[in-house]
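Enquirer: quick check, what structure comes out for this input:
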Amino acid sequence: MTFMHLFLFNHLHNTGMLNSAPIPLQLQSLESQAPSIVLCTLNAKYIHASLGLRYLLANMSRHASQALADRTQLMEFTLSRKTKEMVEELLGLLGPEQEGSVQIIGFGVYIWNIHQTTELVRKLKEARPSLKIVLGGPEVSHETEGQEIVQCADHVITGWGDVSFPKLCKALIDGPQPLMKIMVGEQPDLDQIELPYKAFTDQDLAHRVLYVEASRGCPFKCEFCLSSLDKTAWGFETQKFLSELASLYDRGARHFKFVDRTFNLKLETSIEILQFFLDRLARNDGSGVFVHFEVIPDHLPDRLKALIAQFPPGVLQFEVGIQSFNVEVQKLISRRQDNAQTEANLRWLLTSSHAHLHTDLIFGLPGESMDSFAKGFDRLVDIGPQEIQLGILKRLRGTPLSRHTVEHGMVYDSNAPYVVRQTQLLSADDVARFTRMAKFWDLIANSGRFKKTMPLILQPRAPQFSKFWSFMLLSDALWTRFGRSYGLSPEELLDAVFEHLSHGCGEDAHQLKTLLREDYESSGARGAPKCLSAIRTSEKDRRANLMALADAKTRFSNDSIEAVSPASSPVSNPPRASAAFKSLPQRQRRHER
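Expert: Numbering: from 1, shown residues only. Predicted coordinates for the structure are as follows:
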């Protein structure tokens, strides 16, 4: 494992609850003295609890000493915090400098926090030059030359840090002093690593996503992924892991996000984990369980299917990385994927299970054109997963993807997150256009706010007759109308979709309003979209007409009683309709008859 576990960061866009908080743990510092070591990172939002920091904390006593473990504390911030405030809190936690003592802060550095962490490290060293800064994480594990944050730090651990970080802290505090600035992390057998789950507090369990892992590494070699550098996948001892999982569950944890890159790689382990959750769902305390796995799309044996089919709705979520259906692109980036089996498995999951499917496509891979991506998009949309995440290629430091840069004309941002800007087959305008489309896709398709209207939005139209291009046209129209893809209200989006489909695509306005109204009301929104105001007005008129009709019938009945003699037959002498009834629209009168 890297110094800070590279957990799934496609989805780190949830609403935060707090900005930072020291985490009180049994393994943390004694209350009577300030810590000597602070483990710190900047999470995207408060809801994300760092798994990597807790691994380091859990291994301090085993690979350093209990005394150092007692003097170690966690402090997690969010990206929204001001640098000055974080500096003050970190130095305040450590307390004033004391002659002869060493104070250490270890930072987990990732693609999403590199800019803010660099600024924080710089300001900390300015305020307290004697402070020892130790860095780790995927963003500082490769291509460290010239990185500003590396230049500011005292030491960097590349790769796994579970054992190396505690040993480094012991050397810095007790000696002998380390000679190297950049150190390759020691990768021990997994049974030499203490599991971190006791370090989750009750507050974490109640308010944050719990990241867990049954294995590390990946046997596949997809060149855009850092896991391609692993030689294989390693599994923790299953019963030990399940025992820790049971402890979390008994403490009240119900949401578990597995960060294993290949959850369904080892069948027996996958079966035991799924059975663990099925057993608890069968008990009375199984409500509220939610479990997220990342699965290999073309590997779903029947024994696994049999268990998956037993889960009720709302419990299982599978993240399925498709990335590309283009066989030539797959070969180019060393990705092994059986497309036919992948599609068959996805269709089975959608028709024979209640699992929610979050699928991924990557735009901008070497050898992928706009048209070939569109074909893969259309194929995935036709399969019908609940979510399709449209990602844009990033060149992560250290990945083999760099070997394609010259041959395929790959141009990336020089700063994190190193997004592709153009390729041999995609112009800069193509990439910018798709980037806007991906954002609008999240707002309209993945949000679930336009379920009834989506078939009309995606209706293939001339000249491309492609669902991808139909949505791209909507995206272009939205960009022309708003000039932005953020800060748009549900009402603004709904009116814009109506304008595009009715005026731009010639769809029937009445049918469209009916669909949009159903979508809008089912979303829970309570505003006043302009395109639905006519429907509301006609509904008002309809109610007024019905009231007039009821009044007319009452008066008609009274008039009939007075006009017909006791000997007369109401059938042979039918009364004439009242003026009020005649005044109703012809269609309304037919309906009442």
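
Enquirer: which residues touch the residue nearest to residue 249 when sequence neighbours are not counted?
Expert: Spatial nearest neighbour of residue 249, chain neighbours left out: residue 280 (6.3 Å); criterion: C-beta to C-beta, 6 or more residues apart in numbering. Where you see a C-beta, it was placed from the backbone N, CA and C, and this is true even at glycine. Under the criterion of C-beta atoms under 8 Å, 6 or more residues apart in numbering, the contact list for residue 280 reads 249, 286, 289.

Enquirer: which element is the spatially closest residue to the second one that is not a sequence neighbour on?
Expert: Across the structure, with C-beta to C-beta, 6+ apart as the measure, the residue nearest residue 286 apart from its sequence neighbours is residue 280 (4.9 Å). Residue 280 is part of helix 267-281 when elements are defined by DSSP states H and E.

Enquirer: how far does that helix sit from its chain's centre?
Expert: 24 Å (C-alpha atoms, centre = their mean, to the nearest Å).

Enquirer: beta partners for residue 106?
Expert: Residue 106 has these beta-bridge partners by DSSP bridges: residue 39, residue 134.

Enquirer: separation between it and residue 35?
Expert: 12 Å (C-beta to C-beta, to the nearest Å).

Enquirer: who has more neighbours out of the two?
Expert: residue 106 (27 against 23; other C-beta atoms under 10 Å).

Enquirer: ranges for the strands of the stretch 251-400 of the chain?
Expert: Secondary structure of the stretch 251-400 of the chain, counting by DSSP state E, counting those that start in this stretch: strands at 255-258, 290-295, 316-323, 356-363, 387-392.

Enquirer: from start to finish, how long is stretch 106-116 in a straight line?
Expert: 15 Å (C-alpha to C-alpha, to the nearest Å).

Enquirer: that one - what's its average pLDDT?
Expert: Per-residue pLDDT over stretch 106-116 has a mean of 98.

Enquirer: which residues sit against it?
Expert: For stretch 106-116, using C-beta under 8 Å, 6+ apart, the contacting residues are 3-4, 6, 9, 12, 37-44, 50, 52-53, 56, 79, 83, 117, 120-121, 133-140, 149, 153, 165, 169, 394, 396, 415-418.

Enquirer: again with stretch 171-189
Expert: For stretch 171-189, the external contacting residues (C-beta under 8 Å, 6+ apart) are 2-3, 36, 68, 102, 104, 132, 136, 144, 150, 153-165, 167-168.

Enquirer: quick one on the thing from earlier: closest to residue 360 out of the contacts of residue 280?
Expert: Top of the list for closeness to residue 360, among the contacts of residue 280 and by C-beta to C-beta, is residue 289 at 24.0 Å.

Enquirer: how many other residues sit next to the closest one?
Expert: That count, for residue 289 with other C-beta under 10 Å as the rule, works out to 20.

Enquirer: all further residue positions should be reported with the first residue as 113.
Expert: Done: numbering now begins at 113, and the last item shifts to residue 401.

Enquirer: pretty sure it contacts residue 391?
Expert: No - with contact defined as C-beta atoms under 8 Å, residue 401 does not count as touching residue 391 (11.1 Å).

Enquirer: and the pLDDT at the closest residue to residue 462 other than its chain neighbours?
Expert: Nearest non-adjacent residue to residue 462, counting by C-beta to C-beta, 6+ apart: residue 496, 5.8 Å away. Residue 496 carries a pLDDT value of 98.
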